[in-house]
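Asker: Output the structure for:
(2 chains)
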Amino acid sequence: AQSVTQPDIHITVSEGASLELRCNYSYGATPYLFWYVQSPGQGLQLLLKYFSGDTLVQGIKGFEAEFKRSQSSFNLRKPSVHWSDAAEYFCAVGAADSGGSNYKLTFGKGTLLTVNP
Amino acid sequence: KAGVTQTPRYLIKTRGQQVTLSCSPISGHRSVSWYQQTPGQGLQFLFEYFSETQRNKGNFPGRFSGRQFSNSRSEMNVSTLELGDSALYLCASSLDPRGGKLFFGSGTQLSVL
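Answerer: This is a model prediction of the structure:
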């Protein structure tokens, strides 16, 4: 079964600083990988996704993520953080069973981002 | 285009009661998934429906059930509520979840007293 680890529960950065949120996954094959963002009291919004091809993917709001198969990682980055980026970020793995059925997303526990002015 | 709508937004119940939550997907989306979000366990998959059929189910007890109607609207029901069922229940719709583009509603915050 697939699993996702987000090692950092809480990260604080200053506005304008760069950001990297870590994500490690466990899955036998190349999974579908996603980053979602959740603002307080809201649902999740998809930032970006990786299915195949170019290992550096661009998303919305200036975010990007790099898939590294050798490290089983899919870290999220942003060169300059804005105060409005403060939220909780979730990495997710999408995978089906060996028969190609029962596809589901498995989420990490999330990383809470605080942005200092 | 309207987003995913979940009702009610907040719900307070007592132990032993049952509850029904509703989710209206984005128009044209035939897949609806449900997730439970708690501070301790994070986001956990409950089940997914496509064209009125449950295609996938997570590891939750039988007290948790759901259904989907012909217009793709979905409901989930929790019977014999326990304190541990207090959570944010999120619904997500998509054309096909394998595409990864799950569109989430704002959720129903359930508190069990």
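Asker: For the rest of this, base every contact and every neighbour count on C-alpha atoms.
Answerer: Fine.
Asker: Pull up the pairing partners for the helix or strand of chain B with the lowest mean pLDDT, direction included.
Answerer: One helix or strand of chain B scores below all others by mean pLDDT, DSSP states H and E: strand B:53-57, with a mean of 90. With DSSP bridges as the test, strand B:53-57 is paired with strand B:42-50 (antiparallel).
Asker: Only the C-alpha atoms, please, for the partner strand, written as PDB.
Answerer: Output of strand B:42-50 as PDB, limited to C-alpha atoms (Å, rounded to 0.1, in the frame of the first residue of the first chain):
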ATOM      1  CA  GLY B  42      -5.200  13.600   9.000                       C
ATOM      2  CA  LEU B  43      -7.100  13.000   5.800                       C
ATOM      3  CA  GLN B  44      -8.500   9.500   5.400                       C
ATOM      4  CA  PHE B  45     -10.300   8.100   2.400                       C
ATOM      5  CA  LEU B  46     -13.800   6.900   3.100                       C
ATOM      6  CA  PHE B  47     -15.300   5.900  -0.200                       C
ATOM      7  CA  GLU B  48     -15.700   6.800  -3.900                       C
ATOM      8  CA  TYR B  49     -18.800   6.600  -6.000                       C
ATOM      9  CA  PHE B  50     -19.000   6.700  -9.800                       C
END
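Asker: So for it, mean pLDDT?
Answerer: Mean pLDDT, strand B:42-50: 93.
Asker: for stretch A:5-25, same thing?
Answerer: 97.
Asker: on that earlier part again, show me what the least confident helix or strand of chain B is in contact with.
Answerer: A:102-104, B:45-49, B:67-68 (Cα atoms under 8 Å, 6 or more residues apart in numbering or on different chains).
Asker: Just give me the neighbour total for the closest residue to residue A:117 other than its chain neighbours.
Answerer: Counting by Cα to Cα, 6 or more residues apart in numbering or on different chains, the nearest residue to residue A:117 once its immediate chain neighbours are dropped is residue A:15, at 5.4 Å. With neighbours defined by other Cα atoms under 10 Å in any protein chain shown, the count for residue A:15 comes to 18.
Asker: Tell me how far residue A:15 lies from chain B.
Answerer: 27 Å (Cα to the nearest Cα, to the nearest Å).
Asker: Any regions of chain B where pLDDT drops low?
Answerer: Across chain B, the ranges flagged by pLDDT under 70 are B:97-100.
Asker: And the strands in it?
Answerer: B:5-7, B:10-13, B:19-24, B:31-38, B:42-50, B:53-57, B:64-68, B:74-78, B:87-94, B:103-104, B:108-112 (DSSP state E).
Asker: Among those, show me which one is buried the most.
Answerer: Comparing the strands of chain B by mean neighbour count (mean count of other Cα atoms under 10 Å in any protein chain shown), strand B:87-94 comes out on top with a mean of 27.
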